[in-house]
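1. give me a model of this one.
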Amino acid sequence: MSELRISGLHVEVDTESGPKAILKGVDLTIRSGEVHAIMGPNGSGKSTLAYSIAGHPKYRITEGSVTLDGVELTELTVDERARAGLFLAMQYPIEVPGVSVANFLRTAKTALTGEAPKVRTWVKDVNVALERVGLDGSFAGRSLNEGFSGGEKKRNEIAQLELLNPKFAILDETDSGLDIDALRIVSEGVNRYTAQADRGLLLITHYTRILNYIKPDFVHVFVDGRVAEEGGPELADSLEIEGYDRFVKAVKADA
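-> Here you go, the predicted structure:
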């Protein structure tokens, strides 16, 4: 069984007025076969957690650790973290003009496995993955995310998830901006991934609607850079009714 363990994680960023603490001691463990959902208000540190784990240079880890199967990820470069088995689907996927989707994916797969996929079978695999997320084969030849709609970018990331098949996937607000049909298609792709017993998922979201399609085993409420509450799927149900207000007030009272 694989394990992604976050222990006592503190993260800060530089601002015009100086360093600002964003994460203030996060403890979280995700094991293979588990789906964890992180929910919370804007500015609570959810995306900071995702990018810090992935190694974004903007976010400076000042304390704590992140390990994957005992390997300290914070000591690795971004590409080394990916080779260790980590995947991040970004809230705002970037456009890469001049690099086709197919070439990007083949390069990524080669970097992960150390061996280039055979072109003939790889083209077929890419087309199948795109078709499963509702994108036709022409997208394989288009520049990565250039001219894609928001929903198409998110579907393309799920195709990447399927083809690269990491040990652990972090999805940062993948449901943001999706219409009903796109949300269903993206969720189906995520569920194909999590159906593998040796895979783990950390799903970051504001809203419970995606949790109608992707059923979490654990739900964590983020407030002010820390986990304010943990529970099962029933916690997400209560958030739909009550919102985050009581957790925000509790954190402020303890400050």
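2. can you show me the strands along the stretch 1-150 of the chain?
-> 3-15, 18-31, 35-39, 60-68, 71-72, 86-89, 96-100, 143-144 (DSSP state E, counting those that start in this stretch).
3. can those go into JSON lines with extra columns for distance to R155 and mean pLDDT?
-> (Each C-beta comes from the backbone N, C-alpha and C, glycine too.) As requested, these are arranged in JSON lines below (distance: least, CB to CB, whole Å; pLDDT from 0 to 100):
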{"stretch": "strand 3-15", "distance to R155": "25", "mean pLDDT": "97"}
{"stretch": "strand 18-31", "distance to R155": "24", "mean pLDDT": "96"}
{"stretch": "strand 35-39", "distance to R155": "20", "mean pLDDT": "97"}
{"stretch": "strand 60-68", "distance to R155": "27", "mean pLDDT": "97"}
{"stretch": "strand 71-72", "distance to R155": "31", "mean pLDDT": "96"}
{"stretch": "strand 86-89", "distance to R155": "11", "mean pLDDT": "96"}
{"stretch": "strand 96-100", "distance to R155": "16", "mean pLDDT": "95"}
{"stretch": "strand 143-144", "distance to R155": "13", "mean pLDDT": "96"}
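4. which one of those lies closest to N191?
-> Smallest distance to N191 across those (CB to CB): 9.3 Å, for strand 35-39.
5. packing partners for the closest one?
-> In terms of contacts (3 or more CB pairs under 8 Å, 6 or more residues apart in numbering; DSSP states H and E), strand 35-39 is packed against helix 46-54, strand 200-205, strand 218-223, helix 233-242.
6. what's the closest of the ones you listed to S32?
-> strand 200-205 (4.9 Å).
7. against V126, how distant is Q160?
-> Using CB to CB, to the nearest Å, we find Q160 at a distance of 10 Å from V126.
8. likewise for S143?
-> 15 Å.
9. cool, and H56?
-> 27 Å.
10. between those two, point out the one with more neighbours.
-> For H56 versus V126, the count of surrounding residues by other CB atoms under 10 Å is larger for V126: 21 against 17.
11. tell me the pLDDT at the more buried one?
-> What the model reports for V126 is a pLDDT of 94.
12. need the helix or strand of the chain with the lowest average pLDDT.
-> Ranked by mean pLDDT, DSSP states H and E, the weakest helix or strand in the chain is helix 245-254, scoring a mean of 78.
13. ok so, going back, common neighbours of Q160 and V126, please.
-> L105 (CB atoms under 8 Å, 6 or more residues apart in numbering).
14. quick one on the thing from earlier: measure how the least confident helix or strand of the chain sits relative to helix 233-242, angle-wise.
-> Here the directions of helix 245-254 and helix 233-242 differ by 90 degrees (axes from the mean of the first three to the mean of the last three CA atoms, to 10 degrees).
15. buried set for helix 245-254?
-> Within helix 245-254, the residues scored as buried using 16 or more other CB atoms under 10 Å are F247, V248, V251.
16. out of the helices and strands packed on strand 35-39, which gets the lowest mean score?
-> It's helix 233-242: among the helices and strands packed on strand 35-39, that one has the lowest mean pLDDT, namely a mean of 90.
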